[in-house]
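Trainee: Have a look at this prediction, sequence included:
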2 protein chains.
Amino acid sequence: MMATFNPVTPELLEKLRNVVGDKYVKTDEDYLTAYQTDEEGNSIYFRKPEVVVFPGSTEEVAAIVKLANEYLVPLTPRSAGSGVACGAIPIYHGIVVELERMNKILKFDADNMYATCQTGVLTGDLQAEARKHNLLYAGDPSSAESCQIGGNVANNAGGNKAVKYGTTRHQIYSLKVVTPTGDIVTLGARLQKCSTGLCLEQLLAGSEGILGIITEVTVKLRPLPPYSFNMVCVFKSDEEAFALPNRILKAGIDPTSIEFMDNEALQLTCKFLDMKMPHVDDGCDYVIVTVESFNEDDSDRKMEQLCDLAEANGSIDEFEADARIWKLRKQFAEAARSVDKMFQTEDFVVPLDKIPDITKQLPELRRKYDLYCVTVAHIGDGNIHVLPLNNKGLSPEEWFNKIKAFHHDLFPRVYALGGKMSGEHGIGFKKLEEFEACTPEGELKMIRAIKKALDPNDIMNPGKLVNVG
Amino acid sequence: MMATFNPVTPELLEKLRNVVGDKYVKTDEDYLTAYQTDEEGNSIYFRKPEVVVFPGSTEEVAAIVKLANEYLVPLTPRSAGSGVACGAIPIYHGIVVELERMNKILKFDADNMYATCQTGVLTGDLQAEARKHNLLYAGDPSSAESCQIGGNVANNAGGNKAVKYGTTRHQIYSLKVVTPTGDIVTLGARLQKCSTGLCLEQLLAGSEGILGIITEVTVKLRPLPPYSFNMVCVFKSDEEAFALPNRILKAGIDPTSIEFMDNEALQLTCKFLDMKMPHVDDGCDYVIVTVESFNEDDSDRKMEQLCDLAEANGSIDEFEADARIWKLRKQFAEAARSVDKMFQTEDFVVPLDKIPDITKQLPELRRKYDLYCVTVAHIGDGNIHVLPLNNKGLSPEEWFNKIKAFHHDLFPRVYALGGKMSGEHGIGFKKLEEFEACTPEGELKMIRAIKKALDPNDIMNPGKLVNVG
């Protein structure tokens, strides 16, 4: 851990103002307070920056990074601040680089199916622009209406279409990046295949801002399938529900998404939204399967095939989902937040066949740590969101300690099954200690060597993902 | 460029024998001669190793790497030696690490659709094992019958199914790797999504052996589509042929492969195989489209749709391809070799919409450098194989100089269109100079920094991809 950062001086502030203009350098207390956290609700993690800067271009970002190296001041890049791993919290104070002004779609080429976006483009805006042209941008985090494309890449955001299309890293052609030493580089290219040099764009994707600041993203677009259906399959037992994805995948149905909501999650969200949904009062779980197609007959055939598979697997009812279902799924986090802002979102990921092995250990863990939990999961890709809710009004410190103990117990079980602690949220500051504890030394050595090589002063989002030691 | 490597001493040989056993350490002249090249036919590139070792396990590889560091002797990992970029030629002599003994499929899990292979498993054997279980291993280099899975990953091999399934990097879950300092690490995991740490498995994939030796690969398998067709569309003009892929992709036909053979390539291969094929004598080109499907109706519908698109695009005939077509496509390299062993395979890659922009410059280049060229291309992914054939019996040095001048002229044109010099063959030693000339300084700086950080002694396949300076 680096302890030798310098404070932000008036001289540095003056130089920052020269780079971005007076009005884009904020040191007012209300700004510093607003930027002390991202989506995190537990005040124990909050840290105030010394200054928030709002660059308007890649060149301005590069100038800021050069100043940070010159003055040995830490930088925390921030996209929408919609992360849940404390990735945009300025742990060592210093400078927050807020990228929201860089919010233009610079090029949208419908004929050749790609778009170049500045880092602060709202993911939902990109999705909407693509739909206008009968195209699909397949990155689809549940927070699409509030998150931004640069943050999606930095975090390798997952979401609702990952079974068919992969995560954000699979949507990118190239990235414009300001390196930790202030160089501007373009990594990757608008190519379908490439064996030229190292695959640095994939190293940067998911690197959580520790290897550079992403300022532009060129994404793949795809033809928008004109037909789709969302089918809810209703299960009385989790185990039956969890066996369904593998059968769907092996049958060649090629689903876009397979989502799971346990009964407690359904009850909580129905109550929050004041909705009534079938079988929820009978204690059932939902598996929601989305299938897209370019042909109506193909779509109909797959729907039949899916219902047959679900029934053979123990589903007691199947019904076509309307907009309510996606509202239910997407509003679930808000429902959790309504219980207490300090709720915790786990997002561990295991091989599909190991889902039952981990979920059957959860009741014991819940009892052991006296936790009220609800579960939703992207079960088509093994990514489980267990959400302990602070429904007893514990203090920030009590809640922090309870979650810490729970993590120490949970994560080694996940890793023993071949899983990892984060499928889509990242490590950030929140899980750094657990990440270092669960990751083999050889891998940590590689990560630290790369971080030190690219960021010799450790000024780029320090205290996130890994400590360089 | 590092010039301070030590020679292989009798003491080091003795220690190598202690690691792998006497019979797996070869210093006989016939071995050294056999390992002076890979698939490269121009003797100007040949370099003899001082010793060839045949490790039988990851642990033995790690012990060899530690010895190489201790004695400061360069290592050249070698899989099948089927590469065409001089990637397995021991430029600085030293030790060739031949991995052919590590050729077992360690685990084949048909139910959960993955396999763990030792690095020396023949790609064709993995494909065949998958088919036995009604599964597909989607990596499919044209050299599948002779290349090995570890080399495919190290090179990010492309091939014939990349349009639908991507290149080798898209087939991998995880890699077991011996790092340049001799640690054994497992990178990646059998997960559908992951935001835990850096994506090191993708950094290693395509790194051409400069960042470590891949000893095991866990690959994704997919359900094998039971229906497929191969349609040959016949074009009188290249330009019409090149416009077809984008239309096929936008129509949602989801082709597995779109291949192109120009008339000269068809003539050469038909002559070599003593085959007669339709329209070849009329000067036509072939576009060969493969479509796979899980449903017969769907397959039939796509075939009709494809023929309509091809005709609307200027195709003068379409016929269903039989085995002869793939024989033609796969034997093409052998046909080229029959002209002269020193033929050159370009494999540059451009965005699909830029294919005509680069190919229309080729006649001028051919005239300028007095080259006889044939062209085949994976035009579904923009990867063009232009093959200058040494049909005038030039000497190794004359041929080397001619190709060098051709490259200096060709590659900047490719890069000006947003392309890269290699889509699937890699840089190796052969294109290192061009790679360093065409790649922006900021990117080279990152590559060199990572290489130095992970391989401080520069002993791991030195002189390939990049010089650390």
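Mentor: Great, that's in hand. Predicted, not measured: the structure shown is a model, and the values here were computed from it.

Trainee: from here on, contacts and neighbour counts on C-alpha atoms
Mentor: Noted.

Trainee: what sits against the closest residue to chain B within the stretch 101-250 of chain A?
Mentor: Nearest residue of the stretch 101-250 of chain A to chain B: residue A:194, at 4.1 Å (C-alpha to the nearest C-alpha). Shown in contact with residue A:194 (C-alpha atoms under 8 Å, 6 or more residues apart in numbering or on different chains): B:156, B:349, B:420, B:422, B:423, B:424.

Trainee: give me that answer again for 7 Å
Mentor: B:422, B:423, B:424 (C-alpha atoms under 7 Å, 6 or more residues apart in numbering or on different chains).

Trainee: how deep is the second one tucked in, by neighbour count?
Mentor: Looking back up the chat, that one is residue B:423. Using other C-alpha atoms under 10 Å in any protein chain shown, the number of residues around residue B:423 comes to 31.

Trainee: What segments of the stretch 251-400 of chain A are strands?
Mentor: A:257-261, A:285-293, A:317-320, A:372-378, A:383-389 (DSSP state E, counting those that start in this stretch).

Trainee: Serialize those strands to a markdown table and add fields for distance to residue A:207, mean neighbour count and mean pLDDT.
Mentor: A markdown table is the format used below for the strands of the stretch 251-400 of chain A (distance: least, C-alpha to C-alpha, whole Å; neighbours: other C-alpha atoms under 10 Å in any protein chain shown; pLDDT from 0 to 100):
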| stretch | distance to residue A:207 | mean neighbour count | mean pLDDT |
| --- | --- | --- | --- |
| strand A:257-261 | 25 | 26 | 95 |
| strand A:285-293 | 30 | 24 | 96 |
| strand A:317-320 | 39 | 15 | 96 |
| strand A:372-378 | 22 | 21 | 93 |
| strand A:383-389 | 19 | 23 | 94 |
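
Trainee: Residue B:70: which of those is closest?
Mentor: strand A:383-389 (43.5 Å; C-alpha to C-alpha).

Trainee: So which residues make contact with that closest one?
Mentor: Against strand A:383-389 from outside (C-alpha under 7 Å, 6+ apart): A:336, A:339-340, A:343-350, A:371-378, A:423.

Trainee: Distance of residue A:215 relative to residue A:189?
Mentor: Applying C-alpha to C-alpha, to the nearest Å, the value for residue A:215 to residue A:189 is 15 Å.

Trainee: Neighbour count for those two, which is higher?
Mentor: residue A:215 (26 against 19).

Trainee: isn't there a strand covering that one?
Mentor: Yes. The assignment for residue A:215 is a strand, going by DSSP: H, G, I helix; E, B strand; the rest coil.

Trainee: hmm, back to that, in strands, which of the contacts of residue A:194 fall?
Mentor: Judged by DSSP state E, the contacts of residue A:194 include no members of strands.

Trainee: Which ones, among those residues, also lie beside chain A?
Mentor: Residues of the contacts of residue A:194 in contact with chain A (C-alpha under 7 Å from any C-alpha of the partner chain): B:422, B:423, B:424.

Trainee: which one of those is nearest chain A?
Mentor: Using C-alpha to the nearest C-alpha, the ones next to chain A among the contacts of residue A:194 come closest to chain A at residue B:423, 4.1 Å.

Trainee: any idea how far the closest residue to chain B within the stretch 301-450 of chain A is from residue A:47?
Mentor: Chain B sits closest to residue A:423 of the stretch 301-450 of chain A, with a gap of 4.1 Å, by C-alpha to the nearest C-alpha. Distance from residue A:423 to residue A:47, counting by C-alpha to C-alpha: 26 Å.

Trainee: which stretches of the stretch 301-450 of chain A have low pLDDT?
Mentor: Judged by pLDDT under 70, the stretch 301-450 of chain A has no weakly predicted residues.

Trainee: show me where it has helices.
Mentor: A:323-330, A:332-339, A:355-359, A:362-368, A:396-416, A:432-438, A:441-454 (DSSP state H, counting those that start in this stretch).

Trainee: Equivalent analysis for the stretch 51-200 of chain A, please.
Mentor: A:58-71, A:123-132, A:149-155, A:162-165, A:200-204.

Trainee: So which of the ones you listed is nearest residue B:13?
Mentor: Among the helices of the stretch 51-200 of chain A, if distance is taken as C-alpha to C-alpha, the winner is helix A:200-204, at 37.1 Å.

Trainee: Mean confidence (pLDDT) on that closest one, please.
Mentor: Averaged across helix A:200-204, pLDDT comes to 98.

Trainee: Any buried residues in it, and which?
Mentor: A:200, A:201, A:202, A:203, A:204 (16 or more other C-alpha atoms under 10 Å in any protein chain shown).

Trainee: still on that earlier bit, and which of the contacts of residue A:194 is nearest to residue B:27?
Mentor: Distances from residue B:27 to the contacts of residue A:194, taken by C-alpha to C-alpha, are shortest for residue B:424, at 32.4 Å.

Trainee: For residue A:26, give me its contacts.
Mentor: So residue A:26 contacts A:51, A:52, A:53 (C-alpha under 7 Å, 6+ apart).

Trainee: And for the last one, the neighbour number?
Mentor: Look at residue A:53: counted by other C-alpha under 10 Å, it has 25 neighbours.

Trainee: just residue A:345 next, same as before
Mentor: 20.

Trainee: Contacts only, for it.
Mentor: Counted by C-alpha under 7 Å, 6+ apart, residue A:345 has contacts A:385, A:386, A:387.

Trainee: Hmm, residue A:224 and residue A:134 touching each other?
Mentor: Yes. Counting by C-alpha atoms under 7 Å, residue A:134 touches residue A:224, with 5.4 Å between them.

Trainee: So the two - more neighbours on which side?
Mentor: Higher neighbour count among residue A:134 and residue A:224: residue A:224, with 20 against 16, using other C-alpha under 10 Å.

Trainee: what pLDDT does the residue nearest to the more buried one when sequence neighbours are not counted get?
Mentor: Leaving out its chain neighbours, the residue that sits closest to residue A:224 by C-alpha to C-alpha, 6 or more residues apart in numbering or on different chains is residue A:135, at 4.4 Å. Residue A:135 carries a pLDDT value of 98.

Trainee: Would you mind writing the CA trace of the helix or strand where residue A:15 lies as CSV?
Mentor: In this structure, residue A:15 sits in helix A:10-20 according to DSSP states H and E. Extracted in CSV, the C-alpha atoms of helix A:10-20 (Å, rounded to 0.1, in the frame of the first residue of the first chain):
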residue,chain,number,x,y,z
PRO,A,10,-3.2,25.4,-4.6
GLU,A,11,-0.6,25.2,-7.3
LEU,A,12,-1.9,22.0,-8.6
LEU,A,13,-5.5,23.3,-8.5
GLU,A,14,-4.3,26.3,-10.6
LYS,A,15,-2.8,23.9,-13.1
LEU,A,16,-5.9,21.8,-13.2
ARG,A,17,-8.0,25.0,-13.9
ASN,A,18,-5.6,25.8,-16.7
VAL,A,19,-6.4,22.4,-18.2
VAL,A,20,-10.2,22.1,-18.0
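
Trainee: If you count contacts, what does it end up packed against?
Mentor: Counting contacts by 3 or more C-alpha pairs under 7 Å, 6 or more residues apart in numbering or on different chains; DSSP states H and E, helix A:10-20 packs against helix A:58-71.

Trainee: at contact distance from chain B, anything in the helix it packs on?
Mentor: No. Taking C-alpha under 7 Å from any C-alpha as the criterion, helix A:58-71 and chain B are apart, separated by no less than 12.6 Å.

Trainee: What is that helix packed up against?
Mentor: When contacts are defined as 3+ C-alpha pairs under 7 Å, 6+ apart, helix A:58-71 sits against helix A:10-20.
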